[in-house]
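# show me how the following folds:
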Amino acid sequence: MSADGHDNWHQHSDAEGMPQEEHGAQASAKALGLTFIFMVLGVLFVIIVLKVYFDSYMSSYKAKIEENTSAAAETWQLKQDKLNDMAPVVAIATEQVIAEYAQQN
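All right, here's what the predicted structure looks like:
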């Protein structure tokens, strides 16, 4: 128990004027409903944003990890070498085909 005695915080002097009405005595159903709706929409928005970010991050991460071309690097280099070896022959064949088409027209 407190030894201070009774606290008269609820008693006001006449100098304070008329007492105010109780704040929030009547709950507004409209305000409560709108608050609930905005909170639900806010949570859904955050969930959707996180889902989109996660999907974007994971798709790029999976592409980097699983879909890389390191296994094909040696084969790609061999293909480029073969294409470079064939380039002069292909150029000659291209010139011959162009000459044939020019003679037909």
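# domain parsing for the chain?
27-68, 71-105 (automatic domain parsing).
# for the last one, list every residue counted as buried.
To tie it back to what came earlier, the one meant is domain 71-105. Going by neighbour count (16 or more other CB atoms under 10 Å), nothing in domain 71-105 comes out as buried. For glycine as for every other residue, the C-beta is placed from the backbone atoms N, C-alpha and C.
# just give me how far that domain sits from the chain centre.
Relative to the centre of its chain, domain 71-105 is centred 45 Å away, using CA atoms, centre = their mean, to the nearest Å.
# what's the burial count for residue 58?
10 (other CB atoms under 10 Å).
# can you tell me the helix or strand for it?
helix 29-66 (DSSP states H and E).
# what's the first helix or strand after that helix?
Counting by DSSP H and E, what follows helix 29-66 is helix 73-104.
# rewinding a little: using a markdown table, lay out the domains of the chain together with mean pLDDT.
Output for the domains of the chain, formatted as a markdown table (pLDDT from 0 to 100):
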| stretch | mean pLDDT |
| --- | --- |
| domain 27-68 | 93 |
| domain 71-105 | 90 |
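# redo those domains as TSV? Include distance to residue 21.
Listed next are the domains of the chain as TSV, based on distance: least, CB to CB, whole Å:
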stretch	distance to residue 21
domain 27-68	14
domain 71-105	77
